[in-house]
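Q: Got a sequence here, can you build the structure:
(chains A and B)
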Amino acid sequence: MPRNLLSRTSSTLSVVTWNVNSLRARLDHVVRFLREKSPSIVLLQETKVQDDAFPSDPLADLGYNIAKFGQKSYNGTAILSKAPLEEVEKGLPTLGDDQEARYLEAFTSGVRVASIYVPNGEAVGHTKFHNKERFFTALKDHLATSLRQEEPLIWGGDYNVAPTDADVYDPKVWRERILCSTPERTWLRSLLTQGLVDPLDQTPEAGQCNPFTWWDYRTRGFDYDRGLRIDHLLLSPWAANRLQKAWVEKNVRGWNKPSDHAPVMLSLTY
DNA sequence: ATGGTGGCGATGCCA
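A: Predicted coordinates:
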């Protein structure tokens, strides 16, 4: 056998998406998590900080390059990578110049990644619900363009949709409510029918749930494990074929003064 | 229980 095959090494790329619900309020948690898990690429949502106030130093000290797309008080996305970040794009092409800071994209480590924060929608039929539909339409249009480039894609973020009843602690309580309604599930599924793969959308056995990623503060949902799976890492076929595993870092939701979301991680062989 | 808690920023808005 040729020596170059015997000596060929493969490496692992790890990616995490995490809605931190304020990067400044969660900075200690983020630093602790990055120290413990050392992910290659980090996709953050709800940073809630303008770019000139972004706490770059403690993250750069851990070896990360940083791309940020923030705004005052609300929303905000960021990408951290141990490799250089190239071709950083802020916002979705069809949403105009004054759009909220909900989509950030970059090319790094041979992968095109996006950090995505889909509007919550407030309630089915609400004005904000229609904004949510427009955002998904813009995602879908941009995905069609991106898939044509034939680059590996990893689209991570808070999609604010639980794909099926297996992603909800009590589907009867949440039936046709915001995050779980049939239209929202159709909008999310349209990204999958275009070719993205959701590695945590396991076919559940009877009575089994997929792992939750969000537990409501207001109902003390984490105390009773009343959660939903609304944060997702979606992969193009190239990336999906190289998947080692995907999981939810549920323990982080149990730390002191946590975000209401847990990090979602995956590893790839490449 | 039609509420609850939490972040921002200074009050209500957003989730």
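
Q: so how far is residue A:208 from the residue nearest the centre of chain A?
A: Per CA atoms, centre = their mean, the C-alpha nearest to the average position across chain A is that of residue A:157, at 1.9 Å. Relative to residue A:208, residue A:157 is positioned 25 Å away (CB to CB, to the nearest Å). For the C-beta atoms, the positions are set from N, CA and C on the backbone; glycine is no exception.

Q: Check residue A:135 too.
A: Going from residue A:135 to residue A:208 by CB to CB gives 31 Å.

Q: When those two are compared, which one has more neighbours?
A: A side-by-side neighbour count of residue A:135 and residue A:208, using other CB atoms under 10 Å, places residue A:135 first with 24 against 9.

Q: residue contacts, that one?
A: Residues in contact with residue A:135, defined by CB atoms under 8 Å, 6 or more residues apart in numbering, are A:92, A:95, A:102, A:118, A:119.

Q: What's the local residue count around the last one?
A: Read it as residue A:119. By other CB under 10 Å, the residues close to residue A:119 number 19.

Q: That one touches residue A:133, doesn't it?
A: No: with contacts defined as CB atoms under 8 Å, residue A:119 does not count as touching residue A:133, sitting 9.2 Å away.

Q: Quick check: closest non-adjacent residue to the closest residue to DNA strand B within chain A.
A: For chain A and DNA strand B, the shortest gap (CB to the nearest atom of the strand) falls at residue A:22, measuring 3.1 Å. In space, and not counting its chain neighbours, residue A:22 is closest to residue A:48: 4.4 Å by CB to CB, 6 or more residues apart in numbering.

Q: How about the secondary structure of the one you found?
A: Recorded secondary structure, residue A:48: coil (DSSP: H, G, I helix; E, B strand; the rest coil).

Q: show me where pLDDT drops low in the stretch 101-250 of chain A?
A: Applying pLDDT under 70 to the stretch 101-250 of chain A flags the ranges A:203-204, A:206.

Q: Once you drop chain neighbours, what's closest to residue A:32?
A: Closest to residue A:32 by CB to CB, 6+ apart is residue A:255, at 8.0 Å.

Q: what's the neighbour count on the one you found?
A: Counted by other CB under 10 Å, the residues lying close to residue A:255 total 14.

Q: ok, it touching residue A:29?
A: Yes: contact criterion CB under 8 Å: residue A:255 and residue A:29 qualify, at 5.9 Å.

Q: Okay then, goodbye and thanks.
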